[in-house]
Structures are given as structure tokens and as C-alpha cells.
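> Dropping the sequence and predicted coords here.
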Amino acid sequence: MTAVGPDELRAHRSTQRDERRRRWRWRLVLLVGLGVLIVYYGLAVGSLRGHDASVVKLDDGALEPPRSRVTLQIEAIDLDTGAGSFEFQLRPVPSGTYESNLAGELNRPLQIIVSAPGQPEQTFEFAKDQLVDPVAVSVGASTGANGFPFDRPDSSFAFAAQSRDDPVPVDLEMVDETEGWNLSAVARTSRAGSASTGDRLQVDMKAGRETLAISFALFYIAGIVVVALITVAVIGGAVVRGLVDFNQVIWLGAMLVAIPAVRNEMPGVPPVGTAVDLFVFFPSIVIVGVALLSGVIVLAINEAAENRSGEAD
């Protein structure tokens, strides 16, 4: 039996420790990856449950419509914080004395007036004894984009209905078909209408981004920050030591192009000018740009020094 010396024993123990460390590192990587997947699918399921296209959080407790009325069915289509607009489809559904013998058809002509602050009134005519088709409506919305991705835009608009110069009572139903938004609204009666249109139905709507959209945006923002930190830690150190190679310069050039692309890929991102741009995007672009310029200068100086050394030899 061969005796094992102290040096060989220490080397064997060191090898075992290194092997255990490698195994723990792989386990840690697997656990982190599993945790990321669990968080992602949890956010995805929560977002899908939170966004139900059949229901909008509509507070219409202040409305007391009579049995004979016209229900305004609103299908929210798009909320554009960049353009400051809220688009929806409007379809009046008569009931009681306003409904003809065929379900869904009006027994008299109907005129609906949509008004919003800062916009001219929009008037829509619906003929009697015809199937009512939805009409497209666009009203203004506050942008609130500076707080992206936690911005909460809102929109206010009102409806009034009349038939042959007589006011028609209305109530409201809303569904949400927007992408990346959760909508809520409060409907109440406003007494700003004329004698022919009667009271107006005032709608105050608020919106918030879905959890999944916010999570994706934060993921992209974190990626931009990580790129900036890597640039400062790795490329900055290489520039200070004067040891920049061509691959690092190529990487910086790619990042200079990739960061704006990543910014524009964030879900529902508004035009440039948000707080994220001022505190994350622009500083990261400046850091990478300065590092690229410094790396090119250091690389050029090193190449020139090597050429002079070669000529001297």
C-alpha cells in the first residue's frame, strides 16, 4: 500500500473543495433560473387574471336610468399616451319604448353627442328600423408619460342623446380591449346639457399599466443599467490601464446601437422625454459613447506606439 504524503493529501482535499464549489455554483445557477421562471409565470398569470376583457371597473352607482332607455356600449380599443388620445367603439342598444319589434333596432331616429374638454362636439346619427352598427370615437387623454412605466393617464368625456329634439335617457356599459392597460371609470349625471339633450352622462376614466407590462419595462431598464455599469467597471479600467483591445471597441459600438433599440422595445413606451430617459437612457448612452471614444483613442495610441517600435527594430 502506497503512503500518501501531506502535499498530495492537501492537493486531494483542495480538488474536492473545488469540485464541491463547482457543484454548488451549478445548483445556485439552476435555483436562480428556476426562481426567475417562477416570478415570470406568476406575473404572467396575475396579469392575465387582472385584465379581463369582459369587465371594466365601472362605478355607475350614481346613475338611475329608467326601464326605457338607450344603453351606450363602449368597447375600449386603444389608449395612446404619446398622442394623448383614447379610442373606443360606441354602439347604442335600445330597450323599452325605444326598441322596435326587432331586437337591437331603434324605433325612432337617435342622435348621440360626444363631448370632451378642448375638443369640438362629435355628433353621430342612427336611423330607425336598422341594425345599429358601432361607430369609432376618439377623445383626448392626459399623457402622464413622465412617470413611465408607472404612469396613470386619464380621460374625461360626456354623452348626450336626443330623438326628434326630445332628450333620451342613457346608461353605460364598458369593455376593455386595450393592450397593456387596465381601465376603470366613474359614470355620473352632469346637468350641463341643453333642453333638447337633457342631462349628460359624464364619464371619468383612469388607466394603469398591467403588471406584466411594468415588469417587462423594468427588466429592460435594468438591462440598460447593467450595460452602463459593465462599461464603467470593465472598459473604464481597461482605458485607465491603456489595455483596450479591438473586441472591446466592437462591443461598445454594438451597445451604442443596442441601447436605443432596447429602449424602443419596451412595451407601450412613450416618445423620448420621460423620467426613465433623463435618469437612465441618456446617461447610459453618454457613458457608452464616452467609453467608445476613449477606447478608440487608446487603441489608436497603442497601435501607433507598436508601429514606431517595429520601425525602430
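Okay, I see it.
> CA atoms for contacts and neighbours, from now on please.
Will do.
> any idea how far the closest residue to Thr97 other than its chain neighbours is from Pro167?
In this structure, Thr97 finds its nearest non-sequential neighbour in Ser68, 5.5 Å apart by CA to CA, 6 or more residues apart in numbering. Applying CA to CA, to the nearest Å, the value for Ser68 to Pro167 is 12 Å.
> who has more neighbours, the two?
Pro167 (20 against 15; other CA atoms under 10 Å).
> hang on, isn't the more buried one packed against Ala161?
Yes: using CA atoms under 8 Å, Pro167 makes contact with Ala161 at a distance of 6.0 Å.
> all strands of the stretch 151-300 of the chain, in order?
For the stretch 151-300 of the chain, strands defined by DSSP state E, counting those that start in this stretch occupy the ranges 154-163, 166-167, 170-176, 181-190, 200-209.
> ok, and for the last one, which residues are buried?
In terms of neighbour count (16 or more other CA atoms under 10 Å), strand 200-209 has its buried residues at Arg200, Leu201, Gln202, Val203, Asp204, Met205, Lys206, Ala207, Gly208, Arg209.
> which pair in the residues you listed spans the largest distance?
Using CA to CA, the pair of the buried residues of strand 200-209 lying farthest apart is Arg200 and Arg209, separated by 29.1 Å.
> per-residue pLDDT, the closest residue to Ile259 other than its chain neighbours?
Distances taken as CA to CA, 6+ apart place Ile224 nearest to Ile259, at 6.5 Å, with adjacent residues excluded. According to the prediction, Ile224 has pLDDT 90.
> Could you do Val45 as well?
65.
> which ones are touching the residue nearest to the spatial centre of the chain?
The centroid of the chain falls nearest to Gly268 when counting by CA atoms, centre = their mean (3.5 Å). The contact partners of Gly268, by CA atoms under 8 Å, 6 or more residues apart in numbering, come to Gly180, Ala213.
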